[in-house]
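Q: What follows is a predicted structure for the sequence shown.
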Amino acid sequence: MKLVFRWALNAVALMLIPELLSKIQVESYTAALISAVLLGFVNAIIRPLLILITLPITILTLGLFTLVINALMFWLVSELVRGFVVPDFWTAFWGALIYSVLTWMVSLALDRD
């Protein structure tokens with residue numbers, strides 16, 4: 001039950017991003033729910049592989065290249081989900097950064113026991 005609640009709150013966080021970045025569009029709550037699931041899947045499966053592959057540049061940039069990987073994952077999901085539009089890399093960069101902060105706040109609120 002907690003997983004479903006977290007998923008719904010992450011979708012709400014995704015719906016809040018267009019309020020902060022006007023270039024990003026989330027057309028429906030269904031698109032937000034699907035995007036939240038895909039973002040979770042991509043961040044759990046593909047992102048660790050990319051971090052491992054790009055480990056030398058990540059170390060060289062003191063971990064800042066991870067922000068680029070997050071932006072690429074955010075942009076990838078927008079290409080896969082109809083109704084979730086991210087037009088360019090820099091919008092994806094700022095959107096991923098905002099989404100990370102919002103989902104961190106959701107996790108912080110839900111993990112209080």
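A: Sure thing, it's come through.
Q: Report the contact partners of residue 95.
A: 17, 21, 24, 71, 74, 86 (CB atoms under 8 Å, 6 or more residues apart in numbering). The way it works is simple: take the backbone N, C-alpha and C, and place the C-beta from them, glycine included.
Q: Now with 10 Å, please.
A: 14, 17-18, 20-21, 23-24, 70-71, 74-75, 78, 86 (CB atoms under 10 Å, 6 or more residues apart in numbering).
Q: which residues in this protein form strands?
A: In chain order, the chain shows strands spanning 25-26, 84-85, with DSSP state E as the criterion.
Q: Does residue 28 touch residue 18 like I think?
A: No - look at residue 28 against residue 18 with CB atoms under 10 Å: they stay out of range, at 11.9 Å.
Q: Same drill for those two, tell me which one is more crowded.
A: More neighbours surround residue 18 than the other of residue 28 and residue 18, with 17 against 12 (other CB atoms under 10 Å).
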